[in-house]
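Asker: predicted model and sequence follow; I will ask about them next.
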Amino acid sequence: MTATLYERLGAAEGIAKIVDDFVDRHAANPLLAPRFQGRDLAKSKRLGTQFMCMGAGGPQRYEGRDLRAAHAGMNISEQELVAAIDDIVAAMQARQVGAAEVHEVVGILYSLKGEVLRL
Ligand code: HEM
């Protein structure tokens, strides 16, 4: 049987490292940094890890707000979405995640754009 995306990303440990890396990249990315200034990055990492574990098929429960509520009032642009996805791809590539897995994650992220853009 094919392993789940969760298992192929390295399960809880692997995903926590990917999220740790891309949240740091967001905070350092000139296109995204203003959004993260003054925010609790440890909390972003914790919720981001739960979200990604759950979305990839892991047993974790996501304790954050739904995506629309979390991004409401931010008026996030398409350019910001692409910048965020670029950081996530870079974090996965830095950890030698396979191309098939990278493509799956990008597809999932892109499918969620209606829940984060221009709200
Ligand atoms: C498909 C793309 C995205 C996904 C899956 C996603 C996911 C999440 C999740 C799970 C949270 C935590 C929710 C919570 O705080 O309860 C969150 C919060 C946040 N996201 Fe996103 N996000 C996406 C795109 C973006 C983009 C493009 C930006 C910035 C330009 C962004 C900025 C933020 C900020 C600033 C928070 C913290 C909100 C707060 O502390 O009140 N997100 N996001």
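Answerer: Looks like it arrived, so ask away. Quick caveat: nothing in here was measured; it's all calculated off a predicted structure. Residues are numbered from 1 along each chain as shown.
Asker: what's the neighbour count on the residue in the chain that the ligand sits nearest to?
Answerer: Closest to the ligand within the chain is Gly64: 3.0 Å, counting by CB to the nearest ligand atom. To be clear about C-beta, it is placed using only N, CA and C from the backbone, and glycine gets the same treatment. By the criterion of other CB atoms under 10 Å, Gly64 has 14 neighbours.
Asker: check the secondary structure at it for me.
Answerer: coil (DSSP: H, G, I helix; E, B strand; the rest coil).
Asker: name the nearest residue to it, ignoring sequence neighbours.
Answerer: In space, and not counting its chain neighbours, Gly64 is closest to Leu47: 4.1 Å by CB to CB, 6 or more residues apart in numbering.
Asker: what's near enough to touch that neighbour?
Answerer: Going by CB atoms under 8 Å, 6 or more residues apart in numbering, Leu47 touches Tyr62, Glu63, Gly64.
Asker: how near is Thr49 to Leu41?
Answerer: 12 Å (CB to CB, to the nearest Å).
Asker: how about the residues of this protein that lie near the ligand?
Answerer: Within the chain, the positions adjacent to the ligand are 32, 35-36, 39, 47-48, 51, 64-65, 67, 70-71, 76, 80-81, 84, 109, 112-113, 116 by CB under 6 Å from any ligand atom.
Asker: hmm, back to that, so the residue nearest to Gly64 sits in a helix?
Answerer: Yes. Applying three-state DSSP, one finds Leu47 inside a helix.
Asker: distance of it from Met1?
Answerer: For Leu47, the distance to Met1 equals 30 Å [CB to CB].
Asker: count the neighbours of Glu80 for me.
Answerer: 19.
Asker: meant to ask about Gly107
Answerer: 9.
Asker: circling back: which of Thr49 and Leu41 has more neighbours?
Answerer: Thr49 (21 against 14).
Asker: what residues does that one make contact with?
Answerer: Ala12, Ile15, Ala16, Val19, Asp20, Gln60.
Asker: recalculate using a threshold of 10 Å.
Answerer: Ala12, Ile15, Ala16, Lys17, Ile18, Val19, Asp20, Val23, Gly58, Gln60, Tyr62 (CB atoms under 10 Å, 6 or more residues apart in numbering).
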